[in-house]
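Peer 1: sequence? don't have it. structure:
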């Protein structure tokens, strides 16, 4: 008999869907991601040092570095207030 309601799933993660759950790891690397973001922003700003004459690439480098820094700050603020929700 077909039911119109969705089947209730158990609360855990199904190892068939996500094999990494079998050996205990199921997550991300938030600390490494933040470190990589800061290193990328610094590397982009270090690319400003050079012998180029035009400043169009400087604008793009500063813009992309600023977007990365804004995203990192937003992530930090979001992670601090996550427990309040």
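Peer 2: Right, received. Where do you want to start? Being a predicted model, the structure only gives us computed values, none of them experimental.
Peer 1: ok, and what's touching the helix ranked longest in the chain?
Peer 2: In the chain, taking DSSP state H as the definition, the longest helix is helix 56-80. Contact with helix 56-80 is made by 30, 34, 37, 38, 40, 41, 44, 45, 47, 48, 52, as judged by Cβ atoms under 8 Å, 6 or more residues apart in numbering. C-beta: built from backbone N, CA, C; applies to glycine.
Peer 1: now the residues you listed: which count as buried?
Peer 2: By neighbour count, with 16 or more other Cβ atoms under 10 Å, the contacts of helix 56-80 hold 41, 44 as buried.
Peer 1: Between the contacts of helix 56-80, which has the least confident prediction?
Peer 2: Minimum pLDDT across the contacts of helix 56-80 is recorded for residue 52, with 79.
Peer 1: low-confidence ranges in the protein?
Peer 2: 1-27, 82-85 (pLDDT under 70).
Peer 1: can we see that at 90?
Peer 2: 1-32, 50-55, 77-85 (pLDDT under 90).
Peer 1: buried ones in the longest helix of the chain?
Peer 2: Within helix 56-80, the residues scored as buried using 16+ other Cβ under 10 Å are 61, 65, 68, 69, 72.
Peer 1: Save those as TSV, and put in distance to residue 81 too.
Peer 2: Converted to TSV, those look like this (distance: Cβ to Cβ, whole Å):
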residue	distance to residue 81
61	31
65	25
68	21
69	19
72	16
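Peer 1: Would you quantify the distance from residue 32 to residue 79?
Peer 2: 14 Å (Cβ to Cβ, to the nearest Å).
Peer 1: sorry, that was for residue 47
Peer 2: From residue 47 across to residue 79, the span is 29 Å (Cβ to Cβ).
Peer 1: for residue 72, same thing?
Peer 2: 11 Å.
Peer 1: what do you get for residue 44?
Peer 2: 23 Å.
Peer 1: cool, and residue 31?
Peer 2: From residue 31 over to residue 79 the distance is 11 Å, taken as Cβ to Cβ.
Peer 1: Check residue 56 too.
Peer 2: 35 Å.
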